[in-house]
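Undergrad: Fold the following for me, if possible:
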Amino acid sequence: MTCRTGLIQVRRFRGPRGSTFHLTLAQGSPRRRLPAGGALRVRPGPAHEPDARRLSRRLARETLVGHETHRTGFWGAKIVVTGADTVDNDLLRAIAEMLNGHAGTLYAGAGLGVTPRHLEALSEMTPYVLGAAGGGPDPSTATAFGVLGAVEAWARGPVAGLRVLVHGTGKVGGVLAGELAAAGATVLTCDTDPRAAEVPGCRPVADWSGQRIDVLVPCSVSDLIDVRLARRLRCGAVIGAASAVLADEDVTTGVLHRRGIVHLPAPLVNAGAAIAASIQHYAPDAFRAADPYRVYEFARDAVRSAATELTAAALGSGLSPSEALTARTRPPGDEYCGPRFSRVATCGDTLRSS
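TA: Residues are numbered from 1 along each chain as shown. Okay, the predicted model is just below:
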């Protein structure tokens with residue numbers, strides 16, 4: 001997936017105890033001055049520096065496409081920390097210093113390897129953190145509800161009766177699996193931690209790649225699906241909740257497309273946290289006053305609407321959804337989703353997104 005517009009810059013900083021921060025900023029049109037926002041990801045243990053740089057660039061590109069697709073009012077960013085033996089106060093202070101140095105042009109949220117506790121501690125060191133409002137909407141749950149909306153868009157209605165496999169049942173996948181089961185789907189789960197896969201109403205499986213299912217939802221790691229696996233999958237759709245889920249992305253996308261497997265890419269699908277961040281940043285009063293489930297349902301509907309529109313565009317053009325997403329543009333005058341939430345919440349209107 002490529003950026004439609006803009007500039008990508010990677011900066012590297014040395015952190016405590018031999019850790020390295022890879023900060024990537026992906027900017028759209030230079031005529032619009034927007035803050036950059038993205039998740040903080042910590043990869044434990046030593047890492048190959050070029051790999052970390054490539055991953056950071058790819059994740060920042062995806063983040064930019066997601067922000068532009070859902071009109072969040074942010075440019076893309078990603079902070080990938082490598083070589084950290086633990087996430088402690090020294091590491092968090094170094095991250096806070098980096099964020100403070102950008103003076104409001106860069107905001108960070110939680111990603112892989114970062115817990116809500118870490119994010120709360122970071123928010124006490126810097127104001128440039130999104131998703132750490134104690135007692136407010138949880139960004140992982142917002143993401144899960146957005147993914148649910150994408151599954152509903154592919155199904156063209158309720159998920160009841162679908163056979164869905166959720167790969168990775170952590171902060172996002174566990175919530176999603178429970179919501180799918182509650183909505184009447186048959187849900188299979190798989191996780192490296194067998195206990196995490198035991199979600200009420202779901203059935204854990206070990207051999208996940210051989211399952212005959214309607215939808216595969218990766219909520220785990222990057223590069224999960226390579227060309228060889230794409231040729232073996234027995235499903236109707238891969239709905240990419242995890243970022244950078246396809247290895248050798250262009251080739252693997254082509255394999256899925258030729259096999260008739262719909263791939264809804266991560267920038268479209270996993271934007272629930274970014275949508276919640278837009279509300280928190282651009283409509284803070286509405287964010288603090290809202291019942292969290294109002295935010296979750298807003299994210300669910302926003303993703304469902306965008307995914308429905310995109311799949312229709314892809315079908316009409318013969319493109320894969322990934323290709324259609326890359327080519328898609330939004331009018332520059334569109335309202336950001338944060339202020340839109342504030343307007344509909346204040347007016348008591350439906351949360352149906354435009």
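
Undergrad: Pull the contacting residues for the residue most central in space within the chain.
TA: The residue lying closest to the centre of the chain (CA atoms, centre = their mean) is N270, at 3.2 Å. Residues near N270 by CB atoms under 8 Å, 6 or more residues apart in numbering: 66, 143, 146-147, 172, 240-243. Placement of C-beta: from N, CA and C, glycine included.

Undergrad: distance between stretch 152-170 and the chain's centre?
TA: 17 Å (CA atoms, centre = their mean, to the nearest Å).

Undergrad: Next, the distance between the ends of that stretch.
TA: Start to finish, the residues bounding stretch 152-170 are 21 Å apart (CA to CA, to the nearest Å).

Undergrad: average pLDDT across it?
TA: Stretch 152-170 shows a mean pLDDT of 97.

Undergrad: Next, the buried residues of that stretch.
TA: 152-155, 159, 162, 164-169 (16 or more other CB atoms under 10 Å).

Undergrad: Make a markdown table out of those residues and add distance to R17.
TA: Converted to a markdown table, the buried residues of stretch 152-170 look like this (distance: CB to CB, whole Å):
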| residue | distance to R17 |
| --- | --- |
| E152 | 45 |
| A153 | 45 |
| W154 | 45 |
| A155 | 48 |
| V159 | 45 |
| L162 | 46 |
| V164 | 41 |
| L165 | 39 |
| V166 | 35 |
| H167 | 33 |
| G168 | 29 |
| T169 | 31 |
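
Undergrad: Next, give me the two most distant ones among the residues you listed.
TA: A153 and T169 (22.1 Å; CB to CB).

Undergrad: residue ranges with poor pLDDT in this protein?
TA: Residue ranges of the chain with pLDDT under 70: 1-6, 45-49, 133-135, 329-333, 347-354.

Undergrad: That one: helices as residue ranges?
TA: 49-70, 89-101, 116-123, 139-155, 173-182, 227-230, 249-258, 266-269, 272-282, 284-289, 292-317, 321-327, 337-347 (DSSP state H).

Undergrad: D90: neighbour count?
TA: Close neighbours of D90, defined as other CB atoms under 10 Å, add up to 14.

Undergrad: Quick check: it touching S19?
TA: No. Applying CB atoms under 8 Å as the test, D90 and S19 come out as separate, 9.3 Å apart.

Undergrad: List the residues that are in contact with both of those two.
TA: By CB under 8 Å, 6+ apart, no residue touches both D90 and S19.

Undergrad: that older thread, pull the most distant pair out of the contacts of N270.
TA: G66 and V172 (14.4 Å).

Undergrad: The nearest residue to D90 once chain neighbours are set aside: what's it in contact with?
TA: Nearest residue to D90 in three dimensions, chain neighbours excluded: P16, at 4.5 Å (CB to CB, 6 or more residues apart in numbering). Counting by CB under 8 Å, 6+ apart, P16 touches 90-91, 94.

Undergrad: Please identify which of those residues is nearest to R11.
TA: A94 (13.9 Å).

Undergrad: if I look at A84, how far off is L310?
TA: Distance, A84 to L310, using CB to CB, to the nearest Å: 36 Å.

Undergrad: Actually, V166.
TA: Taking CB to CB, one finds V166 at 22 Å from L310.

Undergrad: can you count the residues close to N89?
TA: 14.

Undergrad: again, but for A206
TA: 8.

Undergrad: surely it meets C190?
TA: Yes. Here A206 reaches C190: they are 7.2 Å apart, a contact under CB under 8 Å.

Undergrad: what about G136, distance to D291?
TA: In terms of CB to CB, G136 sits 10 Å off from D291.
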